[in-house]
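Peer 1: Just a sequence and a predicted model for now, questions to come.
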Amino acid sequence: MDRFTESIYTLIVETSTNLPDDVRRAIARAKLTEEMGTRASLALSTIGENIIMAQDDQAPICQDTGMPTFFVRCPVGANQIEMARQIREAVVAATREGKLRPNSVDSVTGKNSGNNLGPGTPVIHFEQWEKDEIEVKLLLKGGGCENKNIQYSLPTELEGLGRAGRDLDGVRKCILHAVYQAQGQGCSAGFLGVAIGGDRTTGYEAAKEQLLRRVDDVNPDPRLAELEAYIMENANRLDIGTMGFGGRVTLLGCKIGAINRLPASFFVSVAYNCWAFRRLGVIIDPVTGGITQWLYRDGGELPELGAAEGIAGSEGSRRVVLRAPVSEEQIRELKVGDVVIIDGLIHTGRDALHKYLMDHDSPVDLRGGILYHCGPVMLQDEKGEWHVKAAGPTTSSREEPYQADIIKKFGIRAVIGKGGMGPKTLAGLKEFGAVYLNAIGGAAQYYARCVKKVEGVDFLEFGIPEAMWHLQVEGFAAIVTMDAHGNSLHAEVQQRSLAKLAEFADPVFV
Ligand SMILES: O=C(O)C[C@H](O)C(=O)O
Ligand code: SF4
């Protein structure tokens, strides 16, 4: 491997496995803010534990290693074609080593390229600067939080907040609304990059660039600095909390920039990033290709993240062990708030599988079974055996159109995912006797360690994340957030946060 390629490879591995210092500090602060023993605090402890595990094992923090997005600044005359080639080579190597999940899917055929290369992937932005060195920043932003990005065109009417006009107060309302609409689905607590202005394309680009700012910096524009501070204070009053469990910390950072707009357009573009905010950077010597400096690493003392007990050890809640096949009686006994520990066989299934199962049979008997919304990172050894490298939950709401029908058709008793599901699934859980279990989003190392054996796989042709993996697990902890009695923590938190959002309808920035 060329030295530059090697440097990029190291950058990818570090970004995927080792969170930057400013992000760690923000998460540690959140942990101190939440009351001990609450669901949010337990979830944050599991997140902290997961961050340490990922660092120790040099394994992906989250199984969704996102869209590799490189921001390169290089001296005049540097060969960008060659740099792009080497970046792609490093991406392929990192995928082969299980540091990146194969995440590049043909949008027409649905085929996963398997190596993270394809039209539009990876994303590489080049810019020239007058310095002699090369700066490369990398953002690995996953699909679940990417789905929570939102763009507003002002003026507009916003749920709970009313009219958002073409001024800073309208922008204020959009940002609060962006946090509200994300709920826990983008693995809150999150970070926002916001751009005021631009067109639809440059607005989103500028929003993502705001994510390159350090969490603890201060906006040089005093009006935007004031808006950022306002958002940090008040978005955290929405009581959405970590994973949407309710709590004091919903937002870990908010960075706002402005670019000029057309007279007719007024966009506010919001890039939502999950707590697993994977962005790092390096300075590279253009002669040797070697790394001379790391960005977002201060070298100072890092906060303690892995100390307190996570959800598995929670004492305040009732703990129930489930093992498939699960009976209807066992399920009907469960209530929202119970902690469930799963032992035994579970099956992964996400978008492609749900669509498929609607009009086909399952290759395995799912009666009394447990289905896990998860697209893991998997590696195969020389003997052909599969190993789980990362395996946290994916956003369940995408399966909302199918889930109730699939529970009924196959007799599934428990669905594990994150972010909750809607009214159709809730009604299905009640009618057919099933539960929804919320695992901690992004805790991919924590859950990978629960997998004791890969029993087999079906539909590998769907690609690694979408295949149906049959996994033997032990001590897999999740929280009942939708039970078989019509209760949904997600619906409750959403309603409560909407009422809080409405308290911010009056103008502030006039
Ligand atoms: O694709 C995944 O594994 C998860 C995704 O990032 C999500 O948040 O839903
Ligand atoms: S699963 Fe959660 S932590 Fe992972 S990329 Fe998706 S939103 Fe981020």
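Peer 2: That came in fine, so what should we check first? Residues are numbered from 1 along each chain as shown. Ligands and ions are numbered 1, 2, ... in the order given.

Peer 1: Run the chain-centre distance for the host helix or strand of residue 495.
Peer 2: According to DSSP states H and E, residue 495 maps onto helix 489-502. Relative to its chain's centre, helix 489-502 lies at 21 Å (Cα atoms, centre = their mean, to the nearest Å).

Peer 1: and what of stretch 104-124?
Peer 2: Relative to its chain's centre, stretch 104-124 lies at 19 Å (Cα atoms, centre = their mean).

Peer 1: So is it next to ligand 1?
Peer 2: No. If you take Cβ under 6 Å from any ligand atom as the test, stretch 104-124 misses ligand 1, and the best it gets is 10.7 Å. For every residue, glycine as well, the C-beta is placed using N, CA and C.

Peer 1: Tell me the buried residues in that stretch?
Peer 2: Residues of stretch 104-124 classed as buried: 104-105, 112-113, 115-116, 118, 121-122, 124 (neighbour count, 16 or more other Cβ atoms under 10 Å).

Peer 1: same question, stretch 259-269
Peer 2: 259, 261, 266-269.

Peer 1: so where's the longest helix in the protein?
Peer 2: Longest helix in the chain, counting residues (DSSP state H): helix 39-57.

Peer 1: Could you identify the helix or strand that succeeds that helix?
Peer 2: strand 67-75.

Peer 1: Which residues lie in contact with the residue of the stretch 101-250 of the chain found nearest ligand 1 in this structure?
Peer 2: Residue nearest to ligand 1 within the stretch 101-250 of the chain: residue 144 (1.6 Å; Cβ to the nearest ligand atom). Counting by Cβ atoms under 8 Å, 6 or more residues apart in numbering, residue 144 touches 64, 185-187, 274, 394-395, 418-419, 441.

Peer 1: so what's it scoring on pLDDT?
Peer 2: Residue 144 is assigned 98 on the pLDDT scale.

Peer 1: What of residue 203?
Peer 2: For residue 203, the pLDDT comes out at 98.

Peer 1: which SS class is it?
Peer 2: Following DSSP: H, G, I helix; E, B strand; the rest coil, residue 203 is assigned to helix.

Peer 1: Enumerate every residue touching it.
Peer 2: So residue 203 contacts 151, 195, 197, 259, 267-269 (Cβ under 8 Å, 6+ apart).

Peer 1: could you pull out the strands for the stretch 151-300 of the chain?
Peer 2: Secondary structure of the stretch 151-300 of the chain (DSSP state E, counting those that start in this stretch): strands located at 156-158, 162-164, 190-196, 251-258, 267-273, 278-284, 291-295.

Peer 1: quick one: pLDDT of the closest residue to ligand 2 within the stretch 351-500 of the chain?
Peer 2: Closest to ligand 2 within the stretch 351-500 of the chain is residue 442: 2.8 Å, counting by Cβ to the nearest ligand atom. With respect to pLDDT, residue 442 has a value of 98.

Peer 1: What of residue 242?
Peer 2: Residue 242 carries a pLDDT value of 98.

Peer 1: who's in contact with it?
Peer 2: So residue 242 contacts 30, 34, 39-40, 43-44, 47, 184, 188-189, 249, 275 (Cβ under 8 Å, 6+ apart).

Peer 1: returning to that earlier point: need the contacts of residue 203 in JSON lines with distance to residue 463, can you?
Peer 2: Shown next, in JSON lines, are the contacts of residue 203 (distance: Cβ to Cβ, whole Å):
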{"residue": "151", "distance to residue 463": "29"}
{"residue": "195", "distance to residue 463": "33"}
{"residue": "197", "distance to residue 463": "38"}
{"residue": "259", "distance to residue 463": "37"}
{"residue": "267", "distance to residue 463": "34"}
{"residue": "268", "distance to residue 463": "35"}
{"residue": "269", "distance to residue 463": "30"}
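
Peer 1: between those residues, which is nearest residue 338?
Peer 2: When those are compared for distance to residue 338 (Cβ to Cβ), residue 151 comes out closest, at 38.7 Å.

Peer 1: how close does that closest one get to residue 196?
Peer 2: Using Cβ to Cβ, to the nearest Å, residue 151 is found at 11 Å from residue 196.

Peer 1: just checking, residue 25 is part of a helix?
Peer 2: Yes. Secondary structure assignment places residue 25 in a helix (three-state DSSP).

Peer 1: tell me the secondary structure for the closest residue to it other than its chain neighbours?
Peer 2: Leaving aside its chain neighbours, residue 25 sits nearest to residue 303 (5.7 Å; criterion: Cβ to Cβ, 6 or more residues apart in numbering). With three-state DSSP as the basis, residue 303 sits in coil.

Peer 1: Against residue 41, how distant is residue 81?
Peer 2: 50 Å.

Peer 1: So between the two, which is more surrounded?
Peer 2: The neighbour comparison of residue 81 against residue 41 (other Cβ atoms under 10 Å) goes to residue 41, with 26 against 7.

Peer 1: Verify the contact between that one and residue 34 for me.
Peer 2: Yes. Between residue 41 and residue 34 there is a contact under Cβ atoms under 8 Å: 4.0 Å.

Peer 1: what residues are shared contacts of those two?
Peer 2: Both residue 41 and residue 34 are in contact with residue 247, where contact means Cβ under 8 Å, 6+ apart.

Peer 1: Which of the residues in the strand or helix carrying residue 402 are classified as buried?
Peer 2: Assigned by DSSP H and E, residue 402 falls within helix 400-410. By 16+ other Cβ under 10 Å, the buried positions in helix 400-410 come out as 402-404, 406-407, 409-410.

Peer 1: export the particular helix or strand that has residue 453 in it as CSV, just CAs?
Peer 2: Remark: residue 453 resides in strand 451-458, with elements defined by DSSP H and E. Listed in CSV are the C-alpha atoms of strand 451-458, where the atom choice follows Å, rounded to 0.1, in the frame of the first residue of the first chain:
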residue,chain,number,x,y,z
VAL,A,451,-23.6,-13.1,19.7
LYS,A,452,-22.1,-16.4,20.7
LYS,A,453,-22.5,-18.2,17.3
VAL,A,454,-23.6,-17.5,13.8
GLU,A,455,-25.9,-20.4,13.1
GLY,A,456,-26.4,-19.6,9.4
VAL,A,457,-27.5,-17.2,6.9
ASP,A,458,-30.2,-16.9,4.2
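
Peer 1: Determine the set of other helices and strands touching the next helix or strand after that strand.
Peer 2: Downstream of strand 451-458, the next assigned helix or strand under DSSP H and E is strand 468-482. When contacts are defined as 3 or more Cβ pairs under 8 Å, 6 or more residues apart in numbering; DSSP states H and E, strand 468-482 packs onto strand 339-348, strand 386-390, helix 423-432, strand 435-438, strand 451-458, helix 489-502.

Peer 1: For residue 5, see how far away residue 457 is.
Peer 2: Look at residue 457 and residue 5: by Cβ to Cβ, they are 31 Å apart.
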